[in-house]
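> task: produce atomic coordinates for the following.
(chains A and B)
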Amino acid sequence: AAGVIQSPRHLIKEKRETATLKCYPIPRHDTVYWYQQGPGQDPQFLISFYEKMQSDKGSIPDRFSAQQFSDYHSELNMSSLELGDSALYFCASSLGGGTAAYEQYFGPGTRLTVT
Amino acid sequence: RKEVEQDPGPFNVPEGATVAFNCTYSNSASQSFFWYRQDCRKEPKLLMSVYSSGNEDGRFTAQLNRASQYISLLIRDSKLSDSATYLCVARTDSWGKLQFGAGTQVVVTP
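Take a look at the predicted model:
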């Protein structure tokens, strides 16, 4: 079965640079979630989109922005990168948002290293 | 304090044995619960959704106790491939963001 696709899988950037992470949800899934997992930590929710509208916002820095496009793929844009942004970034997708939200399936993640 | 608390382990389990561990959640408004497993540097993979009546999937059994606000996972006949970190997850609000515990490490030994 098709899974969540994330690109790139690995990304190395320098401080103050920008990065764009992409997520392609499972076909027919309309909800996308972004999570950040630092070394030795559990995933932390950043932001989510349902039907191309932002549905919830977590601990996402103001330097980050995201959107969901008409084909339901999502992009996480990160500017003025800091060393502390080095982490695994996971995208998850589910069918339905709001009270009809179902299980979330995670992509393989993008490992971002800021030097 | 984290909303979802787990014993980090590690739980060292002989192959073929049974292991069980719990997690507790602090938000009584939590609506749904899940167990994910995560292998080193990989994505969390959904293991089970936890229903109020408890549910079983092969060698895995999950239980939910809303009165005491804890969720349990039991693994029977442990396999070497069960070695992983098991993440207890709660979903509180209707928009679906997940609150993760820090994970319980399970190491199955030959």
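> going by C-alpha atoms from here, please, whenever you check contacts or count neighbours.
OK.
> now do the phi/psi pair for residue B:101.
Residue B:101 adopts backbone torsions of phi -80, psi 170, taken as degrees, to the nearest 10.
> list the residues that contact it.
Contacts for residue B:101 (CA atoms under 8 Å, 6 or more residues apart in numbering or on different chains) come out as A:42, B:2-6, B:23, B:87-89.
> filter these down to just the ones in helices.
Among the contacts of residue B:101, no member is found in helices (DSSP state H).
> now the residues you listed: which count as buried?
Buried members of the contacts of residue B:101, counted by 16 or more other CA atoms under 10 Å in any protein chain shown: A:42, B:4-6, B:23, B:87-89.
> can I get those in TSV including pLDDT?
Below are these laid out as TSV (pLDDT from 0 to 100):
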residue	pLDDT
A:42	92
B:4	95
B:5	96
B:6	96
B:23	96
B:87	97
B:88	97
B:89	95
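> roughly how far apart are residue A:19 and chain B?
Residue A:19 sits 20 Å away from chain B, taking CA to the nearest CA, to the nearest Å as the criterion.
> burial of the residue lying closest to that residue once chain neighbours are set aside, as a residue count?
Leaving aside its chain neighbours, residue A:19 sits nearest to residue A:78 (5.1 Å; criterion: CA to CA, 6 or more residues apart in numbering or on different chains). As a burial measure, residue A:78 scores 20 neighbours (other CA atoms under 10 Å in any protein chain shown).
> the residue positioned nearest the centre of chain A: what's it in contact with?
Against the mean C-alpha coordinate of chain A, by CA atoms, centre = their mean, the closest residue is residue A:34 at 3.1 Å. By CA under 8 Å, 6+ apart, the contact set of residue A:34 is A:45-48, A:89-92.
> change it to 7 Å
Taking CA atoms under 7 Å, 6 or more residues apart in numbering or on different chains, we find residue A:34 in contact with A:45-48, A:90-92.
> likewise for residue A:52?
A:68-70, A:72.
> how about the residue nearest to residue A:19, what does it touch?
Contacts of residue A:78 by CA under 7 Å, 6+ apart are A:18-20, A:63-65.
> run a quick neighbour tally on residue B:79.
Neighbour count for residue B:79, taken as other CA under 10 Å: 19.
> in space, what's closest to it - neighbours in sequence excluded?
Using CA to CA, 6+ apart, the closest residue to residue B:79 is residue B:15 (5.6 Å).
> now do the phi/psi pair for the one you found.
According to degrees, to the nearest 10, residue B:15 has phi -50, psi 130.
> in contact with it, which residues?
B:78-80, B:108-110.
> quick one: buried ones out of these?
B:78-79, B:108.
> among the residues you listed, name the ones in strands.
residue B:108 (DSSP state E).
> now stretch A:69-81: average pLDDT?
Mean per-residue pLDDT for stretch A:69-81: 97.
> contact residues of chain B facing chain A?
With CA under 7 Å from any CA of the partner chain as the criterion, chain B meets chain A at residues B:42-46, B:94-98, B:100-102.
> please repeat the previous calculation with a cut-off of 8 Å.
Within chain B, the positions adjacent to chain A are B:42-46, B:49, B:94-103 by CA under 8 Å from any CA of the partner chain.
> mind checking which of those land in helices?
Among those, no member lies in helices (by DSSP H).
> report the buried members of those.
Among the residues of chain B next to chain A, those classed as buried by 16+ other CA under 10 Å are B:43-46, B:49, B:94-103.
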